[in-house]
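Enquirer: Return a 3D structure for these sequence lines:
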Amino acid sequence: MHFKATAPALEPLESNLRKSFEGVYPFSAIVGQDRLKRALVLCAVNPEICGVLIRGEKGTGKSTAVRSLAELLPAIDVIRGCPFACDPQLPSEWCEHCRNDHARSVESRRVGVFTLPLNATEDRITGGIDFRQAVRDGTRVFEPGLLASVHRGILYVDEVNLLEDHLVDMILDAAATGVNRVEREGLSLRHPSRFVLVGTMNPEEGALRPQLLDRFGLCVEVAGEKDLDARIELMRRREAFDINNAAFMEKWRLKDQRIADTIVQAQGILEAVEITAEQRAQMSRICQEACVAGHRADLMMERCARTIAAVEGRTTILTADIQEAATVVLPHRIRQNEPPPSAPPPPMNELQEDGPVSEDNPAAGGETSSNSTSAENDYSDNEQTPPESSKSLEERIFSIGQTFNVRRIEVRKDRIARRGSGRRSHTRSANKSGRYVKNRIAEDFEDIALDATLRAAAPYQKQRGRSNLAVEIHRTDVRKKIRQRKISNFIVFAVDASGSMGAKKRMVSSKGAIMSLLLDAYRMRDRIAMVAFRKSDAEVLLPPSNSVSVASRLLQTLPTGGRTPLSAGLVKAFELARTRLYKDPFLRPILIFITDGRGNVALNHDTKPTSEALSIAAKMATENRINYIVVDTEGGGFMKFGLAGSLARNLKAKHYSIENLRANDLVRMVKEYKHA
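Expert: I've put the predicted structure just below:
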């Protein structure tokens, strides 16, 4: 396999980098953010810490601090012309280019800061075949990617929580192992890729998967300065820098130089720092008390404590070093197996410690109201809906029942190409992100499928004669990649909160099922909304949001009582989904109705409530961009009306009872959607 001696696509990055260094804000001039600056220095001294994740609001100097740090790092020696910036002092890690270049020479280079764009593709990150040279010369030439350029430098990933999961996996794997492994398009190679990884994210814009979160060595929470004097000083310094950055940088040069000297000295004594068995035991006890999963926290705490001691100029570790290390190693790992929303109430078997659940013991069933009442009588009127008793019209609050694991809910597949990210539904990708799954004839020359193009051209080479190209390719031979990716969905929970849901404590188990689906939506990065219908109307409890914790709090305090305006609930949920479709036509909404189907309040007073609801459901089913699920809360018993089943048939929805809404049934739901 041949390598490009230089990567032309990277030259503009280097030139822009040099220009940006001419006016970089001094690291020591940053007001506040002491923990952030400390974490960056630790990662610069010891790249084995595996980087730092910076969580916080926008405009707090995260990017400024990262770019300022590069100015403090010592210049590195590299082999001239090497695309991987190989270290001349480590022949065992040299790439093929450096091993074969007997006339190699050494040059010094400034440590680079590379920013990973959100729209980066897999081949741009890991590298791939140089298509032009393959066609021109008939040779396979590896074109290095970003992980080659950033070797021995700093990789800055802004909004890492919005990046595709499989791309984050590649970057974190390289950061942890120091090696980039390329297995694509017939290539199989590896090259060194050690760098300081810095990721930033705003938690309000979505969470990072716990598996990926754990791969960051350190985590720092940042926020804007609260002190008025500090904010004023920040404005003064920034204004002085903008007016005359050369004079401002000269003013802070000595302080920056002291930090740079500290980094160099710490790197020199890092290997000499000693740690005792008692200190390792103390670190492990701290990690156990934090309930972290795995052993990465223990390893990172040891590396961080050793680095702190080296930065302080010591070869021995103090208790204070371990305590400081814990403050940056553990925050993103504590109870990482638990979801972010507040924990649901104890399961039903724990609530029954004082006695079994019965109609005479409402507290054991999760009812928080002092008014205990039995379920309404299962009678029916001329529409097969039971009359509301006076007790069922009163408001009560039921707690959340036992949660359970659910399998992934997927919607029907189609051939529409979409943008976005997430973890639930498979879709065709509208850009160069995602897995290459097949190819088609290309209308343009974007994202060319080299393997398919060469296969298409191969049978005609004798007919086309010889030319200066190794392979004669015509326009009709060019094939384009079809990529597949996962995206999130927009899920609307429409909850029946009428008095009939209080019968036999249905609302307890219903809330448990909803909470389970909410936690699943969090893991899949779905946007959610919640609608409740009771009394005479429906209301949007939670507008479209990523916050499952807010949804869980609203669910816990949702009162139950009153009549059942089923038609209003259908219309409100549908309008909410359709409004989102106007903004994003490629959205995949899922409407989940949790109800027993006993509507008794009509929008049109001259229409029977049940007939009106079924008619509305049939009209909603004509919108094939929306997928529907009906969770039937009626339960079993001698008298069963089956109204939720009729609603599901009119909606062309999947219909499941509340008792069977568990993993096995949702597996079947996914299979049915796939083959629909």
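
Enquirer: need the contact list for Phe493.
Expert: By C-beta atoms under 8 Å, 6 or more residues apart in numbering, Phe493 lies in contact with 514, 517-518, 528-531, 551, 592, 594. Every residue, glycine included, has its C-beta placed from N, CA and C.

Enquirer: Could you dump those residues into TSV with secondary structure added?
Expert: Output for the contacts of Phe493, formatted as TSV (DSSP: H, G, I helix; E, B strand; the rest coil):
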residue	secondary structure
Ile514	helix
Leu517	helix
Leu518	helix
Ile528	strand
Ala529	strand
Met530	strand
Val531	strand
Ala551	helix
Ile592	strand
Ile594	strand
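
Enquirer: Give me the average confidence score over stretch 233-247.
Expert: The pLDDT scores in stretch 233-247 average 88.

Enquirer: So which bits of that stretch are buried?
Expert: 234, 237-238, 241 (16 or more other C-beta atoms under 10 Å).

Enquirer: what do you get for stretch 450-468?
Expert: So stretch 450-468, judged by 16+ other C-beta under 10 Å, has buried residues 450, 452-453, 456-457.

Enquirer: coming back round to it: can I get the contacts of Phe493 in a markdown table with distance to Ala176?
Expert: Formatted as a markdown table, the contacts of Phe493 follow (distance: C-beta to C-beta, whole Å):
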| residue | distance to Ala176 |
| --- | --- |
| Ile514 | 38 |
| Leu517 | 34 |
| Leu518 | 32 |
| Ile528 | 33 |
| Ala529 | 38 |
| Met530 | 39 |
| Val531 | 44 |
| Ala551 | 34 |
| Ile592 | 39 |
| Ile594 | 43 |
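
Enquirer: Check the secondary structure at Leu576 for me.
Expert: State at Leu576, reduced to three classes by three-state DSSP: helix.

Enquirer: contacting residues around it?
Expert: Leu576 touches 492, 529, 531, 540, 544, counting by C-beta under 8 Å, 6+ apart.

Enquirer: Mind doing that once more with 7 Å?
Expert: Each residue near Leu576 by C-beta atoms under 7 Å, 6 or more residues apart in numbering is listed here: 492, 529, 531, 540.

Enquirer: And Ile448, by the same measure?
Expert: Neighbour list for Ile448: 131, 442, 478, 480 [criterion: C-beta under 7 Å, 6+ apart].

Enquirer: Tell me the backbone dihedrals of it, please.
Expert: Ile448 adopts backbone torsions of phi -70, psi 140, taken as degrees, to the nearest 10.

Enquirer: what is it paired to in the beta sheet?
Expert: Under the criterion DSSP bridges, Ile448 forms beta bridges with Lys480.

Enquirer: Which pLDDT value goes with it?
Expert: Here, the pLDDT recorded for Ile448 equals 85.

Enquirer: Relative to Val141, how far out is it?
Expert: Between Ile448 and Val141 the computed distance is 15 Å (C-beta to C-beta, to the nearest Å).

Enquirer: now do Arg649
Expert: In terms of C-beta to C-beta, Arg649 sits 60 Å off from Val141.

Enquirer: do Glu324 as well
Expert: Taking C-beta to C-beta, one finds Glu324 at 48 Å from Val141.

Enquirer: One more: Ala39?
Expert: 39 Å.

Enquirer: out of the two, which sits in the more crowded spot?
Expert: Taking other C-beta atoms under 10 Å, Ala39 and Val141 do not tie; Ala39 has more neighbours (26 against 16).

Enquirer: My guess is that one contacts Val52. True?
Expert: Yes. The criterion here is C-beta atoms under 7 Å, and Ala39 meets it with Val52 at 4.6 Å.

Enquirer: Pull up the overlap in contacts between the two.
Expert: Taking C-beta under 7 Å, 6+ apart as the contact rule, Ala39 and Val52 both touch 218, 220.

Enquirer: returning to what we had before: mind checking which of the contacts of Ile448 are in strands?
Expert: Among the contacts of Ile448, the members found in strands (DSSP state E) are Lys480.

Enquirer: Redo the contacts of Ile448 as a markdown table? Include pLDDT and neighbour count.
Expert: Below are the contacts of Ile448 laid out as a markdown table (pLDDT from 0 to 100; neighbours: other C-beta atoms under 10 Å):
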| residue | pLDDT | neighbour count |
| --- | --- | --- |
| Phe131 | 70 | 16 |
| Ala442 | 86 | 19 |
| Val478 | 89 | 20 |
| Lys480 | 89 | 18 |
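
Enquirer: Now name the helix or strand holding the residue found closest to Arg109 once you drop the neighbours it is linked to in the chain.
Expert: Once flanking residues are discounted, Arg109 sits nearest to Val78: 5.2 Å by C-beta to C-beta, 6 or more residues apart in numbering. Applying DSSP states H and E as the criterion places Val78 in strand 76-79.

Enquirer: Just checking: what are the partner strands of that strand?
Expert: In its sheet, and by DSSP bridges, strand 76-79 pairs with strand 106-109 (antiparallel).

Enquirer: Identify all contacting residues around the strand it pairs with.
Expert: Residues outside strand 106-109 that contact it (C-beta under 7 Å, 6+ apart): 75-80, 85, 88.

Enquirer: confidence score at Trp94?
Expert: In this model, Trp94 is scored at 79, pLDDT.

Enquirer: Name the nearest residue to it, ignoring sequence neighbours.
Expert: Counting by C-beta to C-beta, 6+ apart, the residue nearest Trp94 is Cys86, at 5.0 Å.

Enquirer: Over to Leu450?
Expert: Leu450 sits nearest to Phe131 (C-beta to C-beta, 6+ apart), 5.4 Å away.

Enquirer: how much space is there between that neighbour and Thr557?
Expert: Going from Phe131 to Thr557 by C-beta to C-beta gives 59 Å.

Enquirer: And for Leu587?
Expert: In terms of C-beta to C-beta, Leu587 sits 29 Å off from Thr557.

Enquirer: try Asn650
Expert: Distance from Asn650 to Thr557, by C-beta to C-beta: 32 Å.

Enquirer: Of these two, which one has the most company?
Expert: A direct count of neighbours by other C-beta under 10 Å for Asn650 and Thr557 places Asn650 higher, at 20 against 11.

Enquirer: Need the pLDDT of that one.
Expert: For Asn650, pLDDT reads 93.

Enquirer: What are the neighbouring residues in contact with it?
Expert: Counting by C-beta under 7 Å, 6+ apart, Asn650 has contacts 614, 617-618, 621.

Enquirer: Ok, Gln279 next?
Expert: By C-beta under 7 Å, 6+ apart, the contact list for Gln279 reads 317, 322.

Enquirer: quick one on the thing from earlier: kindly reformat the contacts of Ile448 as CSV and extend each row with distance to Phe216.
Expert: Compiled in CSV, those are given as follows (distance: C-beta to C-beta, whole Å):
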residue, distance to Phe216
Phe131, 35
Ala442, 39
Val478, 41
Lys480, 36
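
Enquirer: tell me the SS of the residue nearest the centre of the chain?
Expert: Taking C-alpha atoms, centre = their mean as the criterion, Leu208 is the residue nearest the geometric centre of the chain, at 4.1 Å. Applying three-state DSSP to Leu208 yields a three-state assignment of coil.

Enquirer: how close does it sit to Asn202?
Expert: Leu208 sits 11 Å away from Asn202, going by C-beta to C-beta.

Enquirer: that older thread, may I see the contacts of Leu576 organised as JSON lines, with distance to Phe641 and neighbour count added?
Expert: Listed next are those as JSON lines, based on distance: C-beta to C-beta, whole Å; neighbours: other C-beta atoms under 10 Å:
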{"residue": "Val492", "distance to Phe641": "25", "neighbour count": "26"}
{"residue": "Ala529", "distance to Phe641": "29", "neighbour count": "22"}
{"residue": "Val531", "distance to Phe641": "23", "neighbour count": "25"}
{"residue": "Val540", "distance to Phe641": "28", "neighbour count": "15"}
